[in-house]
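Sequence and predicted structure are below.
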Amino acid sequence: MKRKFIISGGGTGGHIFPAIAIANKLKQLIPDAEILFIGANGKMEMKRVPEAGYPIEGLDIYGISRDFSPRGIARNLKLPFVLMNSMSKAKRIIRNFKPDVVIGVGGFASGPALRAAAALGIPTLIQEQNSFPGVTNKLLAKTVSKICVAYPGLEHYFPEEKIVLTGNPVRDIILNLKDKSPEAYQFFGLSPEKRTILVVGGSLGARTINECLASGIDDLAQTGTQLIWQTGELFYNTISQDLLDKQSETIKIMPFIREMDKAYEVADIIISRAGAIAISELTIVGKPTILVPFPYAAEDHQTKNAQALVDRNAAILISDHDATEKLLPSLYELINNPKQCNTLSQNIKKLAQPEAIDKIAEEILKL
């Protein structure tokens, strides 16, 4: 009898990439397993999950609006009915699919899906990526069977007897990187003779990082390095033609990088936000990194994520507030300091948890 799994959640790459990593691991362990995703209509999982080869069902669900305009208030007043409808649809999907386990990774859709599964008596597991849990996972903690976490100390938020410290799952393509492969340079049209700066602001982009790059791209071009710049789709759609015209053999500007493994392969220095999954991937990649935490994350957890690396001399931290003044000067200093690059690279590698996905899959299969 085939084993079946539902994985629910999304909204950002920080939720979607762990979900796909879990699905891939389950398929590796059980090749004939059936896996169905449940996401939120209009969110990026509805595109990224099918690209990864998995079917997905969408719920019409959204979160609480912090916009106190008449439109925002109206959305919040409708939210209880939206949640009821999403819960009802999630129950129909689960009854029809008959999963053995339902897995939540955070994000709007995972709330109704995991609650529906628990109400139907199906084993459930959530995977929390951050040092400070998201609202959905905190609400689900009492009803789910097991909670896989990436950081110690989360018994302050979750029932201690349900917690398993696993680390964060990282995609297979990141675990199996081929450093500096000719194919990766060819893919981006870059030269292996020059050092490459990779700038990624998360799957949705990072405005402050993007604005720093946009204002300093001419100076960066004078350093003799190459640039791969993932802007996020929203920022890319507002880029001036003048900036786009600066693309060349050494400057590549793109809204989203699907082949992130190739980008990591050619990178010599990385500038990134400090989301939990980004951090987990960067420890595997092992390149010198400048982190610019998103300042509005819950409990400022991105700064805490970054500081954990800085305390081990494994990354450089530039606050979002200071980025305009300090980001590019810090990058130029790092470009000219190979000794510091080597130290940062060696230290960040020591923090890697490549076995996290195996531990999470083990917990799922126990259920």
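Structure's in. What do you need?

Show me the helices in the stretch 251-367 of the chain, by range?
Shown for the stretch 251-367 of the chain, the helices assigned by DSSP state H, counting those that start in this stretch span residues 260-266, 276-285, 301-310, 323-335, 338-349, 356-366.

So for Pro133, which of those sits nearest?
Minimum separation from Pro133 across the helices of the stretch 251-367 of the chain (CB to CB) falls at helix 301-310, 9.2 Å. C-beta: built from backbone N, CA, C; applies to glycine.

List the backbone torsions phi and psi for the residue nearest to Glu34 when sequence neighbours are not counted.
Distances taken as CB to CB, 6 or more residues apart in numbering place Lys4 nearest to Glu34, at 4.5 Å, with adjacent residues excluded. The phi/psi pair for Lys4 (degrees, to the nearest 10) reads phi -130, psi 140.

And for the one 5 residues further on?
Taking degrees, to the nearest 10, you get phi 140, psi -180 for the backbone angles of Gly9.

who's in contact with it?
Gly9 makes contact with 15-16, 19, 39, 45, 104-107, 109-110, 113, 136, according to CB atoms under 8 Å, 6 or more residues apart in numbering.

now Pro55
By CB under 8 Å, 6+ apart, the neighbours of Pro55 are Leu36, Phe37, Val49.

rewinding a little: what's the most buried one of the helices of the stretch 251-367 of the chain?
Neighbour counts (mean count of other CB atoms under 10 Å) averaged over each of those peak at helix 276-285, with a mean of 25.

per-residue confidence averaged over it?
If you average the pLDDT over helix 276-285, you get 93.

Please name the nearest non-neighbouring residue to Ala116.
Ala90 is the one closest to Ala116 (CB to CB, 6+ apart), at 4.0 Å.

Count the residues that sit near the one you found.
Counted with other CB atoms under 10 Å, residues neighbouring Ala90 total 28.

before we move on, back to that, in strands, which of the contacts of Gly9 fall?
Judged by DSSP state E, the contacts of Gly9 include Gly39, Gly104 as members of strands.

Mind putting the contacts of Gly9 into a markdown table with distance to Ile173 and neighbour count?
Compiled in a markdown table, the contacts of Gly9 are given as follows (distance: CB to CB, whole Å; neighbours: other CB atoms under 10 Å):
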| residue | distance to Ile173 | neighbour count |
| --- | --- | --- |
| His15 | 18 | 29 |
| Ile16 | 14 | 26 |
| Ala19 | 15 | 29 |
| Gly39 | 21 | 30 |
| Glu45 | 18 | 31 |
| Gly104 | 23 | 29 |
| Val105 | 18 | 33 |
| Gly106 | 22 | 28 |
| Gly107 | 22 | 26 |
| Ala109 | 25 | 33 |
| Ser110 | 24 | 33 |
| Ala113 | 26 | 33 |
| Thr136 | 27 | 26 |
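
check contacts around Ala352.
Ala352 neighbours (CB under 8 Å, 6+ apart): Thr283, Ile284, Gly286.

measure Ile7 to Asp179 for me?
30 Å (CB to CB, to the nearest Å).

Compare those two (neighbour count), which wins?
Ile7 (32 against 12).

So for the more buried one, what's the pLDDT?
At Ile7, the model reports a pLDDT of 98.

Next one: it from Phe17, what distance?
12 Å.

can you give me the strands for the stretch 1-150 of the chain?
Applying DSSP state E, counting those that start in this stretch to the stretch 1-150 of the chain gives strands spanning 4-8, 34-40, 56-59, 101-104, 124-128, 146-149.

Rebuild these as TSV, extending it with distance to Ile73.
Putting the strands of the stretch 1-150 of the chain into TSV (distance: least, CB to CB, whole Å) gives the following:
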stretch	distance to Ile73
strand 4-8	28
strand 34-40	21
strand 56-59	22
strand 101-104	29
strand 124-128	30
strand 146-149	34
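
out of those, nearest to Asp245?
It is, among these and with distance given as CB to CB, strand 34-40, at 36.7 Å.
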